[in-house]
Structures are given as C-alpha cells and as structure tokens.
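Peer 1: model the structure of this input:
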Amino acid sequence: MIREQRNSSRGPNRDQRTNRRIRAREVRVVGSDGSQLGVMTLEAALERARTEGLDLVEVSPMAKPPVCKIMDYGKFKYEEKKKASDAKRTQVVIQLKEVKLRPKTEEHDYEFKVRNTRRFIEEGNKAKVVIQFRGREITHKELGSAILDDVIKDLKDVAVAEQLPRMEGRQMFMILAPTPKVAQKAREQARQAAAAARKSPPPGAGGKKPQAAGAPGAEGASTAPVESDGASDADDAGPDDAQDSAPATT
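Peer 2: Next comes the predicted model:
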C-alpha cells in the first residue's frame, strides 16, 4: 500500500500498470471512445481491449475499484512526451542581468544603461541595478538612492521593484521584475517563436546540392588559378574601400 501511494504521488503518467501488470480483480473500465463500460472483471476487461487491438491501462489505481482505460499505450506515451517537450520549449527562461551605475554617472551613460535594462526586461527577464560607491562616496548614500529612484520612475511602465533598494557592503542595489502585462507578452512571443520553429522545414530540406567545380553541367566553371597584381589592386582601392575592409571594433 505504501509503495502504491508513493508511485501514485509521482503523477498519473509515470509507472502505470498495463494489461497483465494490473493486480486488481475487478476494474472500472473506460472505453477507447471515452464511454463508461462499468465495472467488470480484469479478464473481461483484458478481453475487451484485446478485441480492439489496444491496451488496458490503469489510470486511477487508488480508486475503489481501480479505473482502467482502453487505449493505445505506446501512442499515449508518445503524445505525453511531445506535450512535455512543447511545454518546455515555450516556457520563458528568466535571467538576471546586473546593471552597474556610479553616484557620478554621466547622463548619456545613464540613459544608455536604462535603455538596455528596458529591452532586457521587455524580454521577460529581471534586472539587478547596482550603485557602486568608491572611497568617500559611501558617505553620500542619498545620491545612490536618488539614482535608483530615477530608474524606477523611468521604467515604471515595464517594471516593478521586486526588491527595494538596500545596502550590501559598499554597494546599493535593487531588483526589477517585468510587470504582469510585460511578462505575459514575453510568454506569448516565446510560444509564437516555438510554433514558427515547428512549422519551418529543417535546414537543407528541399535545397539543391551545390555542383563541384569542373563537374558535368557546371558550365563556365574554371579551375585554373587567377593571377592578380596585388600592387595594382592596392592602387585602385580608394579610401572608402579601405574603410570597408577594416575590421569592426566595438
């Protein structure tokens, strides 16, 4: 009895007894179409499932008598696994991003970091806004409190203060979380992205394989090396070309 209760607490879709593994002598049977077939002996229920080419699955072992359903157990387990996979794919993984500010942060730096924080919160994540005090700045904690209050006001349309400002060593921080409306929108976007990913064909499906150079049908393909005058190319390149070819730095 203890073992049965422990197994039943794991959920209805795990370690279910099927067919001859069912121990009860009498069971309440639900048909494959959902109809109630009533209480019958285990042998009669197994015979009914066998005539339909399906399985007898114990869905409620703690009931008196246990409830069994006639179904295709392999198909049922596959669909349950697919549902769990879809639910995991559509869930939003919440991350916590740390944004660091100083009591003397310049206005343009403040606006840049607030914009990034807004974008991060609109994606359904949380933000930890930190004010770092250095040296004698620790004696002016009111400056840090004023900056955090400004952040809350600037982001009040998308975020709420999940944890109010407090000190920790030489840092003052707070945690912002998305409003319920923003969080719901982020979940909807995640579900739409997952649905689009399921509908899109796998990479390379239906595409044509590239033809190798010199292969039949590759007309005009030349395998001879092309010689170029490096000096003339460098002379022809203008300042715009040199700028385009320079590596991008951030």
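Peer 1: the strands in this structure, which residues?
Peer 2: If you assign secondary structure with DSSP state E, the strands in the chain sit at 26-30, 36-41, 55-60, 67-71, 96-101, 126-132, 159-168, 171-178.
Peer 1: let's have the ones you listed in CSV, adding distance to Lys199.
Peer 2: Glycine gets a C-beta too; all of them are placed from N, C-alpha and C. As requested, those are exported to CSV (distance: least, C-beta to C-beta, whole Å):
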stretch, distance to Lys199
strand 26-30, 34
strand 36-41, 38
strand 55-60, 32
strand 67-71, 28
strand 96-101, 31
strand 126-132, 31
strand 159-168, 33
strand 171-178, 28
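Peer 1: packed most tightly, which of these would that be?
Peer 2: Comparing the strands of the chain by mean neighbour count (mean count of other C-beta atoms under 10 Å), strand 67-71 comes out on top with a mean of 23.
Peer 1: what angle do that one and strand 26-30 make?
Peer 2: Orientation note: strand 67-71 sits at an angle of 50 degrees relative to strand 26-30 (axes from the mean of the first three to the mean of the last three C-alpha atoms, to 10 degrees).
Peer 1: how much does strand 67-71 deviate in direction from strand 55-60?
Peer 2: Note on geometry: by the same axes, to 10 degrees, strand 67-71 and strand 55-60 are set 150 degrees apart in direction.
Peer 1: so what does the helix ranked longest in the chain touch, helix or strand wise?
Peer 2: Of all the segments of type helix in the chain, defined by DSSP state H, the longest one is helix 180-199. The contact analysis (3 or more C-beta pairs under 8 Å, 6 or more residues apart in numbering; DSSP states H and E) places helix 180-199 against helix 73-90, helix 107-122.
Peer 1: go again with 10 Å.
Peer 2: Helices and strands in packing contact with helix 180-199 are listed as helix 73-90, helix 107-122, strand 159-168, strand 171-178; criterion 3 or more C-beta pairs under 10 Å, 6 or more residues apart in numbering; DSSP states H and E.
Peer 1: contacts only, for the residue lying closest to Leu143 once chain neighbours are set aside.
Peer 2: By the measure of C-beta to C-beta, 6 or more residues apart in numbering, the closest residue to Leu143 outside its immediate chain neighbours is Pro103, 4.0 Å from it. Each residue near Pro103 by C-beta atoms under 10 Å, 6 or more residues apart in numbering is listed here: 131-134, 137-138, 140-147, 172.
Peer 1: so which of those residues sit within helices?
Peer 2: For the contacts of Pro103, the ones inside helices are Lys141, Glu142, Leu143, Gly144, Ser145, Ala146, Ile147, with DSSP H as the criterion.
Peer 1: the last one contacts Ile131, doesn't it?
Peer 2: Yes - taking contacts as C-beta atoms under 10 Å, Ile147 lies within contact range of Ile131: 6.0 Å.
Peer 1: any weak-confidence spans in the protein?
Peer 2: Using pLDDT under 70 as the threshold, the predicted model of the chain has low-confidence ranges 1-15, 89-92, 200-250.
Peer 1: ok so, going back, turn the helices and strands packed on helix 180-199 into a markdown table, columns for distance to Ile22.
Peer 2: Supplementary listing: the helices and strands packed on helix 180-199 in a markdown table, determined by distance: least, C-beta to C-beta, whole Å:
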| stretch | distance to Ile22 |
| --- | --- |
| helix 73-90 | 12 |
| helix 107-122 | 52 |
| strand 159-168 | 49 |
| strand 171-178 | 48 |
